[in-house]
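*Asks:* have a look at this fold, sequence not included:
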């Protein structure tokens, strides 16, 4: 053998230790384990770290440290950059004077719900050092007069709501007050009407906008006049004003936010100035200008209601939560009724439709499409058992939702689909009898409802349960009242 030639790797010399080839699996595993080192050497430390930062499994950054609360005779507080934040009031109540300093540091803010459940507070004075109030900062169960210093520039949602009057230092650059009501500095936006301020109220002529939740839960407000200067009414602006009986809307309003009059349970009349180009009223009910859209049916009204023939659309929650509504008749032009239109109407026992309506019809006070193949809405106020008519193909989404007095349903064999949440919150529903094959179904059909499903023996498509409810086979004979 040539001395320059390498030994045959398979040759074993006498007296020499045996050399084995490395395991291929070990080579692969070693490469996998050493790849970070190789990457570090090839790319350098900074580039390798940048590459690794793209890995979606890198641990998230540490959360900011929680504040360390300190004890004061009247306040729990913590220190952040710039000063002290009052986290909770612990004092005896009465007229509370917030200190401008605690432990030599300026008080700059009042934290979320700092005064919640503190009884006996009659007034709160906020010093000039305070720049912000967090959400519901001064919410408390008792009416109080709140005096705001010159330094406050930010107010969280509901921070001043639970008050009887709000006063603002004249030097404050962001806010002002008038007759105990909070405005922006120019008094063009009404920000907060105190919850415990009572009686009728006329909005000043300088105001052009009513903020979101501005009158929220103002339980003492009895009547309201909105002047021609106002152009915008915010979302939930008057929601929860349970003593409000009538509202006058001026000629300038061009937009009204979602649920502006929600849960105004005593409201009987909304009157709109005839010069308003966007809204109108008829019999105390709010419409668009052409009266093709029914926007708000006041919750304080009771008895039956006939929807005018001019109406083509009903706003999504126009009749929602009306406890005194007993029946509704839709005119011949109504073309759009949303699933939530009559939600929360426990006294509603019948929905009828003009025979000339091309979109909707009714059977025994239950709303159907014109062809009566789709059951759209079952009135919540009806009680006892119900038989879905033969010929019905579909039970719509939310069709029976909230029907708390419904006890039993028999579903015709023609039904092939039951919509989502169709029987949600039917708390007294004990039996659902099917007369045919198992229909397709949507989501949460029987959510918060307790029925046992009875299906005809021999029908197809039935499994161990149906839409999450137990099933029992039965012989489809006439259902007795005791079943």
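*Replies:* Noted; the coordinates are in hand. Bear in mind the structure is a predicted one, so any value in this text is a computation, not a measurement.

*Asks:* just want the phi and psi numbers for the residue nearest to residue 315 when sequence neighbours are not counted.
*Replies:* In space, and not counting its chain neighbours, residue 315 is closest to residue 295: 4.9 Å by CB to CB, 6 or more residues apart in numbering. In this view, the C-beta of every residue, glycine as well, is placed from N, C-alpha and C. Dihedral pair for residue 295: phi -100, psi -50, per degrees, to the nearest 10.

*Asks:* how close does residue 295 get to residue 159?
*Replies:* Here the criterion is CB to CB, to the nearest Å. By it, residue 295 lies 30 Å from residue 159.

*Asks:* okay, those two: which has more neighbours?
*Replies:* Per other CB atoms under 10 Å, whichever of residue 295 and residue 159 has more neighbours is residue 159, with 25 against 20.

*Asks:* one step back: my guess is the residue nearest to residue 315 contacts residue 317. True?
*Replies:* No: counting by CB atoms under 8 Å, residue 295 stays clear of residue 317, with 9.9 Å between them.

*Asks:* helix or strand for residue 385, which one?
*Replies:* With elements taken from DSSP states H and E, the one containing residue 385 is strand 384-387.

*Asks:* state the mean pLDDT of that strand.
*Replies:* Taken as a whole, strand 384-387 has an average pLDDT of 97.

*Asks:* following it, which helix or strand shows up next?
*Replies:* strand 394-395.

*Asks:* got the domain boundaries for this structure?
*Replies:* 68-172, 198-301, 383-483 (automatic domain parsing).

*Asks:* next, format the ones you listed as TSV and append distance to residue 360.
*Replies:* Shown next, in TSV, are those (distance: least, CB to CB, whole Å):
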stretch	distance to residue 360
domain 68-172	40
domain 198-301	15
domain 383-483	12
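
*Asks:* among those domains, which is nearest residue 365?
*Replies:* Checking the domains of the chain against residue 365 by CB to CB gives domain 383-483 as the closest, at 10.6 Å.

*Asks:* pull the distance from the closest one to the chain's centre.
*Replies:* Offset of domain 383-483 from its chain centre (CA atoms, centre = their mean, to the nearest Å): 29 Å.

*Asks:* what's the answer for stretch 164-175, then?
*Replies:* With CA atoms, centre = their mean, you get 31 Å for stretch 164-175.

*Asks:* ok, back up a step: and the strand holding residue 385, which strands flank it?
*Replies:* The pairing partners recorded for strand 384-387 under DSSP bridges are strand 406-411 (parallel).

*Asks:* run through who's touching the partner strand.
*Replies:* Residues outside strand 406-411 that contact it (CB atoms under 8 Å, 6 or more residues apart in numbering): 378, 382-388, 395, 400, 418, 423, 426, 428-436, 439, 451, 479, 483.

*Asks:* can you pull the buried residues of it?
*Replies:* For strand 406-411, a neighbour-count test (16 or more other CB atoms under 10 Å) marks 406-411 as buried.

*Asks:* can you lay out those residues as TSV showing pLDDT?
*Replies:* Output for the buried residues of strand 406-411, formatted as TSV (pLDDT from 0 to 100):
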residue	pLDDT
406	97
407	97
408	97
409	98
410	97
411	97
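
*Asks:* contacts only, for residue 275.
*Replies:* Residues near residue 275 by CB under 8 Å, 6+ apart: 228, 251.

*Asks:* the chain should start at 22 in everything you say after this.
*Replies:* With the count now opening at 22, the last piece we talked about shows up as residue 296.

*Asks:* which SSE is it in?
*Replies:* Per DSSP H and E, there is no helix or strand for residue 296.

*Asks:* go on, residue 348?
*Replies:* Assigned by DSSP H and E, residue 348 belongs to strand 346-351.

*Asks:* so in that sheet, which strands flank that strand, and in what orientation?
*Replies:* The sheet places strand 346-351 alongside strand 324-327 (parallel), strand 371-374 (parallel), with pairing taken from DSSP bridges.

*Asks:* without its sequence neighbours, what residue ends up closest to residue 407?
*Replies:* residue 430 (5.4 Å).

*Asks:* go on, residue 100?
*Replies:* Using CB to CB, 6+ apart, the closest residue to residue 100 is residue 126 (6.2 Å).

*Asks:* can you tell me how far that neighbour is from residue 216?
*Replies:* 32 Å.

*Asks:* stretch 350-357: which residues count as buried?
*Replies:* So stretch 350-357, judged by 16+ other CB under 10 Å, has buried residues 351-355.

*Asks:* got CSV for those, with distance to residue 195 and pLDDT too?
*Replies:* Formatted as CSV, those follow (distance: CB to CB, whole Å; pLDDT from 0 to 100):
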residue, distance to residue 195, pLDDT
351, 49, 96
352, 49, 94
353, 53, 95
354, 49, 96
355, 47, 96
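
*Asks:* rewinding a little: which of the contacts of strand 427-432 are buried, as a PyMOL select command?
*Replies:* Of those, the buried ones go into a single PyMOL selection, burial set by 16+ other CB under 10 Å:
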select buried, resi 399+403+406+407+409+416+421+439+444+447+450+452+453+454+455+456+457+460+472+500
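
*Asks:* burial of residue 448, as a residue count?
*Replies:* 12.

*Asks:* would you list the phi and psi of the closest residue to it other than its chain neighbours?
*Replies:* Distances taken as CB to CB, 6+ apart place residue 425 nearest to residue 448, at 5.3 Å, with adjacent residues excluded. Per-residue torsions, residue 425: phi -80, psi -10 (degrees, to the nearest 10).

*Asks:* residue 425 touches residue 449, doesn't it?
*Replies:* Yes: using CB under 8 Å, residue 425 makes contact with residue 449 at a distance of 6.2 Å.

*Asks:* how about the helices in this structure?
*Replies:* 45-64, 66-73 (DSSP state H).

*Asks:* and the shortest one, average pLDDT?
*Replies:* It refers to helix 66-73. 47.

*Asks:* neighbours of the closest residue to residue 187 other than its chain neighbours, how many?
*Replies:* Sequence neighbours aside, residue 203 is the residue nearest to residue 187 in space, at 4.5 Å (criterion: CB to CB, 6+ apart). Applying other CB under 10 Å, we find 27 residues neighbouring residue 203.

*Asks:* hang on, isn't residue 203 packed against residue 189?
*Replies:* Yes: using CB under 8 Å, residue 203 is in contact with residue 189, at 7.0 Å.

*Asks:* what sits in contact with each of these two?
*Replies:* 196-197.

*Asks:* what's opposite residue 169 in the beta bridge?
*Replies:* Under the criterion DSSP bridges, residue 169 forms beta bridges with residue 189.

*Asks:* which ones are touching the closest residue in space to residue 478 that isn't next to it in sequence?
*Replies:* Nearest residue to residue 478, sequence neighbours excluded (CB to CB, 6+ apart): residue 494, at 4.3 Å. Going by CB under 8 Å, 6+ apart, residue 494 touches 475-478, 483.
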